[in-house]
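In: Return atomic coordinates for the entry below.
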Amino acid sequence: MKVIEALYEIAEYMPLKKGQKLSAAQLLERFLFPRHRHHDFIHKLSGGERKRLHLLRVIMGNPNFLVFDEPTNDLDVFTLGILEEFLLDFPGCLLLVSHDRYFMDKLVDHVFVLDGVGGVRDFPGNYTQYRTKADAEEKAASNEQAAAARALALQAADSAPAAPKGDYSQRLSYNEQREYDGLENVIATLETEKSELETAMAAASLNHEELSRLSTRLGEVTTEIEVKTERWIELDERA
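Out: Residues are numbered from 1 along each chain as shown. Prediction:
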């Protein structure tokens, strides 16, 4: 069988959106089969060309539901680019399983999130939008736990017996007293910056580089808050 005959066996035309249609020859050209290759025998095609032709036969059948399982593992980069453009105009339902987040971001508008214990949640948006929201939620939960731990530490420090006033070896030096007096303002400033970073990370319009920068800074600020809080507790016990 020849290349174009393999498509004619399915259909001569494929309907598109808004009443348009694509002929078998046009579809072959779109998927990198030039006109002079349309009458080549299939047994002469390379392995990659046969995969591409098989994909075209599926598409030519005008399905209303397509399932792709890791297409980036089996198709070359040129075919993937063309397939991506075609799927953007595909009027049916597309179910895509892929580790290629950029490929998914361009094609999906919902993400099925598997929780690992049998549950599935439908997230309206692409993968990057889901990841941004999930990271922000995880950091918010982590920050709440850290804040609770700090509150317990402060409560324990308040309830601890005060050092004897006559024990001058444990009293704060002049420089330590100045540090102690300024730590609360430093911690408050860092908490404000952390809140601003979390708000910025929740924005869906961020690109990957900006999200990475904000995430790195958030980690630094969170660490600084923990260090400063521990130092404040240490000095407060001796103040």
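In: Contacts only, for Ala140.
Out: Residues near Ala140 by CB atoms under 8 Å, 6 or more residues apart in numbering: Glu198. Using the backbone N, CA and C atoms, a C-beta is placed for each residue, glycine as well.
In: buried sites along whichever helix or strand it is part of?
Out: Ala140 belongs to helix 127-159 when assigned by DSSP states H and E. Under the neighbour-count criterion of 16 or more other CB atoms under 10 Å, helix 127-159 has Tyr127, Thr128, Gln129, Tyr130, Arg131, Thr132, Asp135, Ala136, Lys139, Asn143, Arg150 buried.
In: for the helix or strand following that helix, packing partners?
Out: Of the helices and strands lying after helix 127-159 in sequence (DSSP H and E), the nearest is helix 174-201. Packed against helix 174-201 by the contact rule (3 or more CB pairs under 8 Å, 6 or more residues apart in numbering; DSSP states H and E) you find helix 127-159, helix 208-236.
In: Is it possible to get a markdown table of those helices that adds mean pLDDT?
Out: Formatted as a markdown table, the entries for the helices and strands packed on helix 174-201 read as follows, by pLDDT from 0 to 100:
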| stretch | mean pLDDT |
| --- | --- |
| helix 127-159 | 77 |
| helix 208-236 | 83 |
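In: Between those helices, which one is closest to Ser195.
Out: For Ser195, the closest of the helices and strands packed on helix 174-201 is helix 127-159, at 9.0 Å, according to CB to CB.
In: how much does that closest one deviate in direction from helix 208-236?
Out: Helix 127-159 and helix 208-236 are oriented at 0 degrees to each other (axes from the mean of the first three to the mean of the last three CA atoms, to 10 degrees).
In: How far off centre is helix 127-159?
Out: Centroid displacement of helix 127-159 relative to its chain, using CA atoms, centre = their mean, to the nearest Å, is 21 Å.
In: For Leu75, give its distance to Leu83.
Out: In this structure, Leu75 lies at 7 Å from Leu83, with CB to CB, to the nearest Å as the measure.
In: how is this protein carved up into domains?
Out: Domain ranges of the chain: 3-108, 128-236, per automatic domain parsing.
In: end to end, how far does the first one reach?
Out: When you say that, I think you mean domain 3-108. Start-to-end span of domain 3-108 (CA to CA, to the nearest Å) is 31 Å.
In: swap in stretch 89-106?
Out: Start and end residues of stretch 89-106 are separated by 12 Å (CA to CA).
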